[in-house]
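*Asks:* I would like to see how this sequence folds:
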Amino acid sequence: MMRPATEAELAEAIRSAAQPLAIRGGGTRGPQAAGEVLETGAIRGVTLYEPGALTLVVRAGTPLAEVEASLAAEGQRLPFEVPDLRALLRRDGASTIGGVVAENASGPRRVQAGACRDSLIGLRFVDGQGAVIRNGGRVMKNVTGYDLVKLLAGSRGRLGVLTEVAFKLLPVPEVARSLILPGLDAAVGVAAMSAALGSPYEVSGAAWLPGQGVILRLEGFADSVAYRMGRLQAALAPFGAAEALPDDPWPAIRDVTRLAGRPGDLWRISLRPSQAAGVLERIAAEDVVLDWGGGLIWVLVAPGTDLRARAGAFDGHATRLRAEHPGDGIADLPPEAPGVAALTAGLKARFDPRNLLNRGL
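*Replies:* Prediction:
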């Protein structure tokens, strides 16, 4: 295993590599590539934090917990509510901020604040040839012709190894309150979530749990939240009586704890919310969690289930994140369309022509 301590050491390690490299931050999220492990956890530390400007620049190997603690001390947070999937994926270790960006890891607040990539304003990374590239943030000129800030977020380390990332931040709201619409099935639940998210009442979370119903969140100043809750309850009256929840359900929804510690294969499906109910009916899963107003489905199925045969056609993407039987590997469906596959191959050839980085992901 290689563990460079600086960006320069990382660049030299990639330049001199003669075999595929498996890039690893904390190893807590996303698929695991084969190859010699190159760990980024020693490239860490906050390089710039300006609370007044709501701006943070931090090295990629910095533990996420340290980043969140620093922000909390100033009453601020990352806008996109990073999930902790260690229990769900049966992983150990400490998540790094670079791993968060590489996976574009985004929690329930994505429906309001956007995904991780939407809060990312700059980055530095080392490509597959060992070249250091900067884009956005304090270096606004884009010399490559690509919007690398958007391109690297979610690329799973296939195009380059992140060394530094910059974010715009948000203040922590004064209060957060939740409503539940109990007893709704998936189809009606998605309709209720769509109505809530399409309302002017600034819903920051919309999820559906089997046997529980729709859960909605509002955040902000106390008087504003109280007013918006009342108005939202009235607007959703056609779906039933929305009740205030006394406790905060969102950490469990964010981290998908309902499905953690249970046997079976775990899939993550992103799709148009209008298709969610139909896909769920066809899959006949053992259990599910719907987030993002129905645009994200966490699915638990029996080991070895052919989800492709069950799911049928839908506009979206599914990834098996955990397989019960060793050797099953990671599976995606549907395959990339020819145009997308050609674009992916072109980017890989541009940034990693030797195909060293996270091959096969």
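
*Asks:* what sits against the residue nearest the centre of the chain?
*Replies:* With distances taken as Cα atoms, centre = their mean, Ala105 lies nearest the centre of the chain, 1.9 Å away. Counting by Cβ atoms under 8 Å, 6 or more residues apart in numbering, Ala105 makes contact with Arg29, Phe80, Val82, Pro83, Leu85, Gly99, Cys116. Bear in mind the C-beta positions are built from the backbone N, C-alpha and C, glycine included.

*Asks:* doesn't Leu64 make contact with the third one?
*Replies:* By that I understand Val82. Yes - using Cβ atoms under 8 Å, Val82 is in contact with Leu64, at 6.2 Å.

*Asks:* and for those two, which residues touch both?
*Replies:* Common neighbours of Val82 and Leu64 (Cβ under 8 Å, 6+ apart) are Ser95, Val100.

*Asks:* circling back to that earlier point, now the residue nearest to the centre of the chain. Nearest residue, chain neighbours left out?
*Replies:* Val82 (5.4 Å; Cβ to Cβ, 6 or more residues apart in numbering).

*Asks:* ok so that neighbour is a strand residue?
*Replies:* No - the assignment for Val82, made by DSSP: H, G, I helix; E, B strand; the rest coil, is coil rather than a strand.

*Asks:* tell me the spacing between it and Leu151.
*Replies:* For Val82, the distance to Leu151 (Cβ to Cβ, to the nearest Å) stands at 20 Å.

*Asks:* end-to-end on stretch 262-275?
*Replies:* 26 Å (Cα to Cα, to the nearest Å).

*Asks:* and it, how far out from the chain middle?
*Replies:* How far stretch 262-275 lies from its chain's middle: 14 Å, per Cα atoms, centre = their mean, to the nearest Å.

*Asks:* one more: stretch 56-64?
*Replies:* With Cα atoms, centre = their mean, you get 16 Å for stretch 56-64.

*Asks:* quick check: which ranges of the stretch 1-150 of the chain have low pLDDT?
*Replies:* For the stretch 1-150 of the chain, the stretches flagged by pLDDT under 70 are 137-146.

*Asks:* ok, which stretches of it are helices?
*Replies:* 7-15, 64-72, 86-89, 97-102, 110-113, 116-119, 148-152 (DSSP state H, counting those that start in this stretch).

*Asks:* of those, flag the one that's most buried.
*Replies:* Neighbour counts (mean count of other Cβ atoms under 10 Å) averaged over each of the helices of the stretch 1-150 of the chain peak at helix 97-102, with a mean of 29.

*Asks:* export that helix as CSV, just CAs?
*Replies:* Extracted C-alpha coordinates of helix 97-102, given in CSV (Å, rounded to 0.1, in the frame of the first residue of the first chain):
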residue,chain,number,x,y,z
ILE,A,97,-13.8,14.7,2.3
GLY,A,98,-12.2,13.6,-0.9
GLY,A,99,-14.1,10.4,-0.9
VAL,A,100,-17.3,12.4,-0.4
VAL,A,101,-16.6,14.4,-3.5
ALA,A,102,-15.4,11.3,-5.5
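
*Asks:* who wins on neighbours among the contacts of Ala105?
*Replies:* Gly99 (29 neighbours; other Cβ atoms under 10 Å).

*Asks:* residues in contact with the closest residue in space to it that isn't next to it in sequence?
*Replies:* Leaving aside its sequence neighbours, Gly99 sits nearest to Gly25 (Cβ to Cβ, 6+ apart; 3.3 Å). Taking Cβ under 8 Å, 6+ apart as the contact definition, Gly25 lies against Glu39, Thr40, Gly41, Ala60, Gly61, Ser95, Thr96, Gly98, Gly99, Ala102.

*Asks:* ok, now Arg59?
*Replies:* Ile43, Arg44, Gly45, Val46, Thr47, Gly98, Thr163, Glu164.

*Asks:* show me just the buried residues among those.
*Replies:* Using 16 or more other Cβ atoms under 10 Å as the burial test, those include Ile43, Arg44, Gly98, Thr163, Glu164 as buried.

*Asks:* could you look up the SS state of the fourth one?
*Replies:* Per three-state DSSP, the local secondary structure of Thr163 is strand.
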